[in-house]
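**Student:** Okay, here's the prediction I keep looking at, along with the sequence it came from:
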Amino acid sequence: MIARSLLGPAPGWVRRADVVVVGSGIAGVTAALSTHSALPDCNVLLVTKSWLDDGSTRWAQGGIAAALGPGDSPEQHLTDTRAAGAGVCDVDAVRALVTDGPGAVRRLIALGARFDTNAGGVLELTREGGHLRRRIAHAGGDATGAEVSRALLFALAEAGAGADEGVGIDVIEHAMSLDLLLSGDGRVAGLTLHVIGEGQQDGVGAVHAPAVVLATGGMGQVFSATTNPPVSTGDGVALAMRGGAEAADLEFVQFHPTVLWLGPGARGRQPLISEAVRGEGAFLIDASGRRFMSGRHPLADLAPRDVVAKAIMNVLAETGTDHVYLDGTHLGEFTWEHRFPTIRASCLTHGIDPVTQPIPVVPAAHYASGGIKTDLRGRTTLPGLYACGEAACTGVHGANRLASNSLLEGLVFAERIAADLAAGVPPPSTPAPDHRNPGLVDSAAIDQIQRLMTDRGGVLRSGPGLAVAADELRKLGEHQSHDPSLAAWEATNLHLLASALVAAATLRTETRGSHWREDYPNSSDTWLGHLIVTLGTGTAGKPSLVGEAWTDTQSRPLHNASAGTGVHPDLDAGDGLVVRFVPLEQGNG
């Protein structure tokens, strides 16, 4: 079964806020700071699962993309973003990103973020895969995320200092968000959370608030090997879906092509080798020293990430090896020490000196292009619920995120959420009794989910493999636990996300961007659109194509695929999990 709420103790305490922000990466902290700036008399509560700086942002190496350099323009950035997105970017969302982007980066600099500059104080910009211009601003060589996190958390500390009771920004660390609280008319009324042994309010409690902003990051821990930190278990997407919100594009999981290979069976968070290394001239080779990206794409080693990841997987299949190499030995020791000190230190820790040795690399799960479906103001389909950052699906990334657009998206759409809240915070509402069916997957299932998704739902997918994954996930859901814990809550979230991802990947019978179907190796114009996943009421059962396709945001039924129109029927994955296809609007994509 798929839980409709997480099994746990009843809330033992209650507090109130005007706005709750969940997550302390670039999106969450920016949302909190911008909301506080726009509404200084309101109380903003920022809750985070671990320490404030323990999310994905501080691990970001490459930088933040924006049209800041001479000769560059938002329109060129838009063109590169759409090319990487493989035809299914929402143009209005991309235009908002690239137009607002330069100003958002300048505001980040004004807040105190120190990006690398030349002797004249001009930003040093680099290139990464898919970018036709140098537009990546970086800090500390390859420590951009750490610097961005430092600047934002310093600003957060200043904003919270001296705040009056019930006004300003409050912070609760070590707090896992469990489920949304909903009013009788289906509006957000707050959420429940568990403060993990820290803070004044220990155990499960409830926060009553009319607006909740989810900035909980990605879901990389659904796979065995990922660049994501351990806290990235997709909690925000899962609790939003249990609350009735729509998710979109979950099948588009980006696998970063150059992750340090630590040997067969390596699990957990893996060291990333930034795309910026290739931007400065490093190139990929196979075990024989052959540069295999030449001739595969006009940008060769700087092709979009899905192209490079697929090329690596092809080379592994052709050669029977389990990794390839990134050769940056010609860059010299000065470049490695001054441009990529963090990456070199990580490599040295594992016995590899990139100054003299090619780096063994392999693709690993890196970024979820999909997430909670939002509009251009960060609003979800659930009144009062907002989402930004990797937890959200704004439509910017399409089928494959362009390098270094992630930090920018977090900045831009967090500011847009604050602007929407400034126009009017929703009125408070009283939480209604929760009659959703609670459930809990045993924590021991995490390892099984990760192995199953890596083998059947990872870089390479096929109809038979996805069918096996769906069946095994159903069986795992049947073994319920009655022992609430952090690990069991995470397992339940991962089970829902894995089930939803597999359902979407099953319905999309084509290869597009970061979604690679071996049994459907080509792209099809009939799939130019988004897959929307919802969790409603339902009973367990095997997947089936049912009813008519829903073809617009108002869910108006038009044509069934059997009529030869290219519109696809819904997929009922069982237990209330339904996937429907929504074509792009005319002129979009």
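**Tutor:** Okay, I see it. Residues are numbered from 1 along each chain as shown.
**Student:** low pLDDT regions in this structure?
**Tutor:** 55-56, 59, 161-165, 197-201, 538-567, 586-589 (pLDDT under 70).
**Student:** what residue lies at the spatial centre of this structure?
**Tutor:** Glu390 (2.9 Å; Cα atoms, centre = their mean).
**Student:** Leaving out chain neighbours, which residue sits closest to it?
**Tutor:** Gly218 (4.3 Å; Cβ to Cβ, 6 or more residues apart in numbering). Placement of C-beta: from N, CA and C, glycine included.
**Student:** What is the burial count for the one you found?
**Tutor:** Neighbour count for Gly218, taken as other Cβ atoms under 10 Å: 31.
**Student:** Now do the helices in the stretch 101-250 of the chain.
**Tutor:** 144-160, 235-242 (DSSP state H, counting those that start in this stretch).
**Student:** The stretch 301-450 of the chain too?
**Tutor:** 305-319, 332-339, 341-349, 405-422, 445-456.
**Student:** most packed of those?
**Tutor:** helix 405-422 (a mean of 26; mean count of other Cβ atoms under 10 Å).
**Student:** Run the angle between that helix and helix 144-160 for me.
**Tutor:** 20 degrees (axes from the mean of the first three to the mean of the last three Cα atoms, to 10 degrees).
**Student:** right, and the helices of the stretch 101-250 of the chain - which one's nearest Glu75?
**Tutor:** For the helices of the stretch 101-250 of the chain, proximity to Glu75 was assessed by Cβ to Cβ; helix 144-160 is nearest, at 24.6 Å.
**Student:** quick one: contacts for the residue nearest to Glu390?
**Tutor:** Listed by Cβ atoms under 8 Å, 6 or more residues apart in numbering, the contact set of Gly218 reads 56, 228, 232, 234, 367-368, 390-391.
**Student:** try 7 Å this time
**Tutor:** By Cβ atoms under 7 Å, 6 or more residues apart in numbering, the contact list for Gly218 reads 56, 228, 232, 234, 367-368, 390.
**Student:** ditto for Gly129
**Tutor:** Applying Cβ under 7 Å, 6+ apart, the residues contacting Gly129 are 275, 278, 302-305, 308, 403.
**Student:** and the two most separated of those?
**Tutor:** The widest separation within the contacts of Gly129 (Cβ to Cβ) is 11.9 Å, between Arg278 and Pro304.
**Student:** what's the distance between Leu7 and Ala206?
**Tutor:** 16 Å (Cβ to Cβ, to the nearest Å).
**Student:** still on that earlier bit, a markdown table please, covering the helices of the stretch 301-450 of the chain and showing distance to Phe283.
**Tutor:** A markdown table is the format used below for these (distance: least, Cβ to Cβ, whole Å):
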| stretch | distance to Phe283 |
| --- | --- |
| helix 305-319 | 11 |
| helix 332-339 | 14 |
| helix 341-349 | 16 |
| helix 405-422 | 23 |
| helix 445-456 | 27 |
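**Student:** wait, which of these is closest to Ala399?
**Tutor:** Short answer: helix 305-319, nearest of the helices of the stretch 301-450 of the chain by Cβ to Cβ, at 7.4 Å.
**Student:** Need the CA coordinates for the closest one. CSV is fine.
**Tutor:** The C-alpha trace of helix 305-319 is given here as CSV (Å, rounded to 0.1, in the frame of the first residue of the first chain):
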residue,chain,number,x,y,z
ARG,A,305,24.7,16.0,-19.4
ASP,A,306,22.2,13.4,-20.7
VAL,A,307,24.2,13.1,-23.9
VAL,A,308,27.5,12.6,-22.1
ALA,A,309,26.0,10.1,-19.5
LYS,A,310,24.5,8.0,-22.3
ALA,A,311,27.8,8.1,-24.2
ILE,A,312,29.6,6.8,-21.1
MET,A,313,27.1,4.0,-20.6
ASN,A,314,27.5,3.0,-24.3
VAL,A,315,31.3,2.9,-23.9
LEU,A,316,30.9,0.7,-20.7
ALA,A,317,28.7,-1.7,-22.6
GLU,A,318,31.0,-1.8,-25.6
THR,A,319,34.2,-2.3,-23.6
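**Student:** then the lengthiest strand in the chain to CSV, C-alphas only?
**Tutor:** Of all the elements of type strand in the chain, the one with the most residues (DSSP state E) is strand 359-368. The C-alpha coordinates for strand 359-368 follow below in CSV (Å, rounded to 0.1, in the frame of the first residue of the first chain):
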residue,chain,number,x,y,z
ILE,A,359,40.3,10.5,-12.9
PRO,A,360,38.1,7.4,-13.0
VAL,A,361,34.5,8.5,-13.4
VAL,A,362,31.0,7.0,-13.8
PRO,A,363,27.5,8.5,-14.0
ALA,A,364,25.5,8.7,-10.7
ALA,A,365,22.1,10.2,-9.7
HIS,A,366,22.5,13.9,-9.4
TYR,A,367,19.4,16.1,-9.9
ALA,A,368,15.6,15.7,-10.1
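**Student:** Measure how far that strand is from the centre of its chain, please.
**Tutor:** 15 Å (Cα atoms, centre = their mean, to the nearest Å).
**Student:** Remind me what that strand packs against, helices and strands.
**Tutor:** When contacts are defined as 3 or more Cβ pairs under 7 Å, 6 or more residues apart in numbering; DSSP states H and E, strand 359-368 packs onto strand 225-226, strand 253-260, helix 305-319, strand 324-327.
**Student:** Swap in 10 Å and give it another go.
**Tutor:** Secondary-structure packing of strand 359-368 (3 or more Cβ pairs under 10 Å, 6 or more residues apart in numbering; DSSP states H and E): strand 225-226, strand 253-260, helix 305-319, strand 324-327, helix 341-349, helix 405-422, helix 445-456.
**Student:** Look up phi and psi at Gly289.
**Tutor:** When read as degrees, to the nearest 10, the backbone of Gly289 gives phi 90, psi 10.
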